[in-house]
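**Q** Output the structure for:
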Amino acid sequence: MSDYSFLINRYPEFVTKDQFYRICHISKKTALYYLENGVIPCIDSGKKTRRYKIAIKDIIFFLQDRDENPEKYYLPNHFNNPFLPSEIRQYKAKPRPDSYKYVYKLKGIKEVKDYQKYLEQQFADYPDMMTSLQIQQVTGHSKSTLVSWCKSEKVRYIRHHNAYLLQKKSVIAYLFNRELQQ
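**A** Alright, predicted model coming up:
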């Protein structure tokens with residue numbers, strides 16, 4: 001068990017939340033949770049800044065008790081608490097379906113016998129004029145790549161306000177011809 005008595009000489013009798021989270025090596029959000037839920041006694045002034053005053057003796061008691069009983073200070077699972085074992089943590093990054101990075105990528109011409117029909121099947125559920133986001137979802141290409149296709153006139157497009165609407169047939173033809181050339 002650590003001895004935290006040196007904190008009495010180093011800090012004044014009452015400290016702010018900012019000093020509290022630095023002393024305890026916890027995040028601002030965790031410190032706020034402890035203060036708002038009465039885990040650590042404090043004086044709440046209700047102001048926007050320097051709202052909480054915490055006695056240094058309470059911090060020392062908290063640190064010693066946390067060393068002895070860490071499970072007592074676990075945050076609820078919705079906090080990504082670093083003190084929790086990784087099996088208990090609730091938050092896990094999930095792939096976003098609307099992001100083109102997690103969408104099925106098109107196969108190459110060597111992997112599919114009739115690549116032209118394969119491309120038409122991939123684009124079948126989309127309208128004749130597709131937004132750049134829709135094409136990103138199907139092909140996995142970035143927006144800058146699609147804009148470069150438009151500027152170099154590799155595909156047919158319409159510029160609507162500040163967005164590009166690409167013709168589905170010309171995109172399919174371009175992808176097919178690009179694979180044939182490779």
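**Q** Asp44 touches Arg51, doesn't it?
**A** Yes: using Cβ atoms under 8 Å, Asp44 is in contact with Arg51, at 6.3 Å. Where C-beta positions appear, they are placed from N, C-alpha and C, glycine not excepted.
**Q** In terms of neighbours, single out the busier of these two.
**A** Neighbour count, other Cβ atoms under 10 Å: between Asp44 and Arg51, Arg51 has more, with 15 against 10.
**Q** Okay, the more buried one and Lys17: tell me how far apart.
**A** Arg51 is 7 Å from Lys17, where distance means Cβ to Cβ, to the nearest Å.
**Q** do you know how far Ser170 is from Lys110?
**A** From Ser170 to Lys110 the distance is 23 Å (Cβ to Cβ).
**Q** quick one: which of these two has more around it?
**A** Ranked by neighbour count (other Cβ under 10 Å), Ser170 and Lys110 place Ser170 first, with 15 against 9.
**Q** Break the chain into its domains for me.
**A** 6-73, 100-181 (automatic domain parsing).
**Q** Just the pLDDT for the nearest residue to Tyr126 once chain neighbours are set aside.
**A** Nearest residue to Tyr126 in three dimensions, chain neighbours excluded: Gln134, at 5.5 Å (Cβ to Cβ, 6 or more residues apart in numbering). On pLDDT, Gln134 comes in at 86.
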